[in-house]
Every structure is written in C-alpha cells, then in structure tokens.
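Visitor: show me how the following folds:
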Amino acid sequence: MDIAIVGTGYVGLVSGTCFAEMGANVTCVDVNESKIRSLLNGEIPIYEPGLDEMVFRNHREGRLNFTTDLATCLDTVDIVFSAVGTPPDEDGSADLQYVLAVAREFGKNIKKYTILVTKSTVPVGTAKKVKKTIKEELEKRGVDVPFDVASNPEFLKEGAAIKDFMSPDRVVIGIESEKAKEMMSKLYRPLMLNNFRVIFTDIPSAEMIKYAANSMLATRISFMNDIANLCELVGADVNMVRRGIGADSRIGSKFLYPGCGYGGSCFPKDVKALIKTAEKNGYQMQVLKAVEEVNEAQKSILFNKLKKHYGGDLKGKKIALWGLAFKPETDDMREATALVTINLLLEAGCKVCVHDPVAINECKRRVGDVVIYASDMYDAVLEADALLILTEWKQFRMPSWGVVAKSMKRRLVIDGRNIYDVAEMAANGFEYDCIGR
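Guide: Got it, this is the predicted structure:
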C-alpha cells in the first residue's frame, strides 16, 4: 500500500518509518526544506533509540522517501496521514492552522478516492473542520472527487516509540464509512495478525480517546504527587503507600510514581486543550484544573526543599543538576521541570552546573550560556553545595558515591525521582531528601 505522511516531527517520522518497516511504501512530506535535505542525507532531527538505523535501512531499500511537495505523491497514494503540530494557543486551546493547511493542500490536489487521516492530537470536532475545508477546495476546483476523513490518534511514548508502534496496546481508528474501514484495516493488517487490538469508533470518540487517555495518566501523576506531599507531613512513606494501593487490581501500579512534575509535548498540552474544549462547550473540567495546578506547583518542589536546607539563602551556592530532559531516553525539554528549576536557581543567585546524557544541546538552545555544562555527571558535582536529580536516566541509578562524596562541598542530594535508597545514602554520608518519604 502507498501512503503519505505530512509532518516529519516526532509522530510523523516514527509512524512513517514503522509503516515502511511493515512493508508499506511511505512518502514523508514536510515544508521544511532543510529538514527534508537532512533526512535524505541520513540525518535524523529527533532523538529516539533505534530510529536512525530504521530510517536509513528503509530509505535504502526504497520503502521510505522524503519530499517537500505533497501534490507530487497524491496521484499514487491511497491514504494521507496528517501528523503536523498542534501547538497550544495563548488560551491553551489547540492551534489547528497546520492541520487545516494540510486539508487545503489535500483538497486542492486529489484526483481519486483518498483518505485523509488525522494522526495529530486534535480537539473533538476537528474532523468536521477538516472535511469542510476539503469540500471548499474541491468546490473551488469545480470537481467532485470522493474522499474520506478519519482519525487515528497516536499513543507513542518518547524513548519507546518504535516498540509502542510495532507492539501497541491498541490502535484506535475513527471512521465514517465502510470503505475507509476496509482501507485502514488493510494498512493495519500486519498488527491485526499479531492479535493487537484495533478499535474502530466514530470520529469524535477517537478524537476524545487520546485526550482522555493522556489526561487520565496526568491525573494519576498529580494525584500521587499530592499524596506524596501529604506523606511527608504526616510521616508516611509514599513508596509503601504506592505499593499498597497499586496491589488493588482496580487501580494497578502504573503511573503511581511521585516525582517533581510531568512535562513533555503531550500531557501539559493535552490537559490544557481538554480544559479549553470543555469551556468552549460550557463545561468546567474541575478535576483537570486541579491536576494542572498540582503539577505546576510540583515543578518547584526541589527548589523549595533546597531553600529549606539552606535557611532560604542560596546566593552564591553551586547547585548541580543531573537530568534535563522531561523523561529518560529523549532530548525533549518541552515543559521540563529542569527549565523551571534552572530559572528559580538563577533568580536566587545560584551558580548552576548541569549534565544530561543527550539533552545538553537542547538545553543550550533553550537557556543559552547562563548555566555551566558539565561533560559528565561527576564533573557536574565538583565543589557543589547540593545535587538535584531531575531525570531518572539509567546512568544515574548506580553512581560511585565515593567519588561524588569527595567532589561535593556539601553532601546534600535532593532526589526528584526517588531512585536511591535512604539507608544507602545515609551509609555513604549524604543528607538525602526525596519525594514523599
């Protein structure tokens, strides 16, 4: 099957490459000429384990191609995926200008039956706008070309996106016609052969599922952060609480880990967008508003703990940060707790030294030279007055505490991800502060 994917960002490039891996002939389209040139030269614009090798192999074997012009491939493709960005507007609602631009280009150029599938995360009702836009373009041309629209939201976790695509929990497809269902079933047949769940729904339900899923996961995180903060006040251990409630089969253990706040490209944006969608329809998402408030407050928790250890005076202190990305196995710093923490530390007059296995360049792009960039985790703690753990990279799980102890001015570790053992830290002579214990 021949397909096109518009947008070579995280979702588009991973999806296009995985479809090619499954045997489809894929053309990835992007208006950014330099990005397309880089991809044609084998340069991958995002960090995702295993993606570069898969892109190279499928491009070499002719199943994965790149272009800046959607019109050139519309004569041959059966399905076009729209995977362009939907950044939040100032009011938190999703900006659909790029989604509708794809719809216009689609309507201007299709000559035979083709499906336009929205893969971007979009508010409920977007498919109607997409369909209306396509019809307007066909009317301008004075032609009546048959088409369908569909919704196929992505559920990819950064750092594990290839596995998530090839071995999904579920594939959700919103359709309006039997013909669209037949075509989408043909495309996803390799996954159906492996008994992965493909769930067909109406389009509004498919659009809502993505927002509801991410909002539920964000809710669990904020709930556990609230519980963790209360545990500290009453003398309970949140790890024991987490295990106790996670053993309940109705609750389960996933996404019950407290920390210093969630970030990334999905949870913050999708929670805001769902709140805004509700407001536009005369409804208040009270739980999600609380989820957002808790998360924003949680991003300051390590700084507040540090201030308490130093009696409120942090001026001139050297603070080391391990971890900049919002989660391990990615260089993504969108809405990352590190950005909030760095800003608070600098405002307090601290000297900040940071290290991350892959996000250093992204941090340089975002904050510039206002912090010191350490070449490794041990360089970061030299003469440091405290070490803050912001991302649970595997490299940070078993450091040489003897080296760290000799390097630091004060052996103070504040762990925003609860990855160390309290007794072990005490045995190594550290003051150890974490979340909810």
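Visitor: residue ranges in the stretch 1-150 of the chain under the pLDDT threshold?
Guide: Scanning the stretch 1-150 of the chain for pLDDT under 70 picks out 90.
Visitor: try 80 this time
Guide: Applying pLDDT under 80 to the stretch 1-150 of the chain flags the ranges 87-93.
Visitor: pull the longest helix from this structure.
Guide: Assignment by DSSP state H gives helix 203-234 as the longest helix of the chain.
Visitor: which other helices and strands contact that one?
Guide: Taking 3 or more C-beta pairs under 8 Å, 6 or more residues apart in numbering; DSSP states H and E as contact, the helices and strands that helix 203-234 lies on are helix 126-141, strand 147-151, strand 170-174, helix 238-246, helix 267-280, helix 286-298. (Each C-beta comes from the backbone N, C-alpha and C, glycine too.)
Visitor: and stretch 2-10, end to end?
Guide: End-to-end distance for stretch 2-10: 21 Å, by C-alpha to C-alpha, to the nearest Å.
Visitor: where does residue 254 land in three-state SS?
Guide: Following DSSP: H, G, I helix; E, B strand; the rest coil, the label given to residue 254 is coil.
Visitor: what about it, how many residues close to it?
Guide: Residues lying near residue 254 (other C-beta atoms under 10 Å) number 9.
Visitor: got it, and the one 4 residues further on?
Guide: The number of residues packed near residue 258 is 28, by other C-beta under 10 Å.
Visitor: please report how far the residue lying closest to it once chain neighbours are set aside lies from residue 256.
Guide: Excluding the flanking residues, the one nearest residue 258 by C-beta to C-beta, 6 or more residues apart in numbering is residue 228, at 3.6 Å. Distance, residue 228 to residue 256, using C-beta to C-beta, to the nearest Å: 10 Å.
Visitor: so the two - more neighbours on which side?
Guide: Each of residue 228 and residue 256 has its neighbours counted (other C-beta under 10 Å); residue 228 has more, 25 against 19.
Visitor: which residues does that one contact?
Guide: Residue 228 sits next to 238, 258, 435, 436 when contact means C-beta atoms under 8 Å, 6 or more residues apart in numbering.
Visitor: can you give me the neighbour number for the first one?
Guide: Other residues lying near residue 238 total 23 when counted by other C-beta under 10 Å.
Visitor: that one contacts residue 257, doesn't it?
Guide: No. Applying C-beta atoms under 8 Å as the test, residue 238 and residue 257 come out as separate, 9.2 Å apart.
Visitor: who touches both of the two?
Guide: Common neighbours of residue 238 and residue 257, using C-beta under 8 Å, 6+ apart, are 224, 418.
Visitor: what sits against the nearest residue to residue 403 once chain neighbours are set aside?
Guide: Using C-beta to C-beta, 6+ apart and skipping residues adjacent in sequence, the residue nearest residue 403 is residue 378, 5.6 Å away. Residues near residue 378 by C-beta under 8 Å, 6+ apart: 399, 400, 403, 404, 407.
Visitor: would residue 378 count as being in a strand?
Guide: No. Note on residue 378: no strand contains this position according to three-state DSSP, which reports helix.
Visitor: domains in the protein, by residue range?
Guide: Using automatic domain parsing, the domain ranges for the chain come out as 2-201, 211-297, 299-433.
Visitor: how far off centre is the longest one?
Guide: Domain 2-201 has its average C-alpha position 18 Å from the chain's average C-alpha position, going by C-alpha atoms, centre = their mean, to the nearest Å.
Visitor: cool, and the second one?
Guide: Taking C-alpha atoms, centre = their mean, the mean C-alpha location of domain 211-297 is offset from the chain mean by 16 Å.
Visitor: just to revisit the earlier point, tell me the pLDDT of the residue nearest to residue 258.
Guide: Per-residue pLDDT puts residue 228 at 98.
Visitor: try residue 194
Guide: We have a pLDDT of 68 for residue 194.
Visitor: renumber starting at 832 from here on
Guide: Got it, first residue is 832 now, which makes that one residue 1025.
Visitor: out of the helices and strands packed on helix 1034-1065, which is closest to residue 919?
Guide: helix 1098-1111 (5.3 Å; C-beta to C-beta).
Visitor: name the residues of the closest one that are buried.
Guide: Going by neighbour count (16 or more other C-beta atoms under 10 Å), the buried part of helix 1098-1111 is 1098, 1099, 1100, 1101, 1102, 1103, 1104, 1105, 1106, 1107, 1108.
Visitor: stretch 1239-1246 now?
Guide: 1239, 1241, 1242, 1243, 1244, 1245, 1246.
Visitor: swap in stretch 1200-1219?
Guide: Buried, per 16+ other C-beta under 10 Å, within stretch 1200-1219: 1202, 1204-1205, 1208-1209, 1211-1213, 1215-1219.
Visitor: any idea how far it is from the middle of the chain?
Guide: Averaging C-alpha positions (C-alpha atoms, centre = their mean) puts stretch 1200-1219 26 Å from its chain's average.
Visitor: and that stretch, end to end?
Guide: 19 Å.
Visitor: correct me, but residue 1169 touches residue 1150?
Guide: No. Residue 1169 is not in contact with residue 1150 according to C-beta under 8 Å; the separation is 11.9 Å.
Visitor: on the three-state scheme, the nearest residue to residue 1132 once chain neighbours are set aside is what?
Guide: Spatial nearest neighbour of residue 1132, excluding adjacent residues (C-beta to C-beta, 6+ apart): residue 1091 at 5.5 Å. When classified by three-state DSSP, residue 1091 comes out as coil.
Visitor: residues near residue 1091, how many?
Guide: Going by other C-beta under 10 Å, the residues that sit close to residue 1091 add up to 30.
Visitor: next: residue 1266.
Guide: 25.
Visitor: right, and it touches residue 1073 too?
Guide: No. If you go by C-beta under 8 Å, residue 1266 and residue 1073 don't touch, sitting 11.0 Å apart.
Visitor: who touches both of the two?
Guide: Contacts common to residue 1266 and residue 1073, judged by C-beta under 8 Å, 6+ apart, are residue 1089.
Visitor: now the strands for this structure?
Guide: Using DSSP state E, the strands of the chain run over 833-837, 856-860, 895-898, 910-913, 945-949, 978-982, 1001-1005, 1028-1032, 1149-1153, 1182-1186, 1203-1204, 1217-1220, 1243-1246, 1262-1264.
Visitor: looking at those strands, which is closest to residue 1140?
Guide: With C-beta to C-beta, the closest approach to residue 1140 among the strands of the chain belongs to strand 1243-1246: 6.0 Å.
Visitor: which neighbours does the closest one have in its sheet, and in what orientation?
Guide: strand 1217-1220 (parallel), strand 1262-1264 (parallel) (DSSP bridges).
Visitor: reformat those as JSON lines; add distance to residue 858 and mean pLDDT.
Guide: Shown next, in JSON lines, are the strands paired with strand 1243-1246 (distance: least, C-beta to C-beta, whole Å; pLDDT from 0 to 100):
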{"stretch": "strand 1217-1220", "distance to residue 858": "43", "mean pLDDT": "98"}
{"stretch": "strand 1262-1264", "distance to residue 858": "52", "mean pLDDT": "98"}
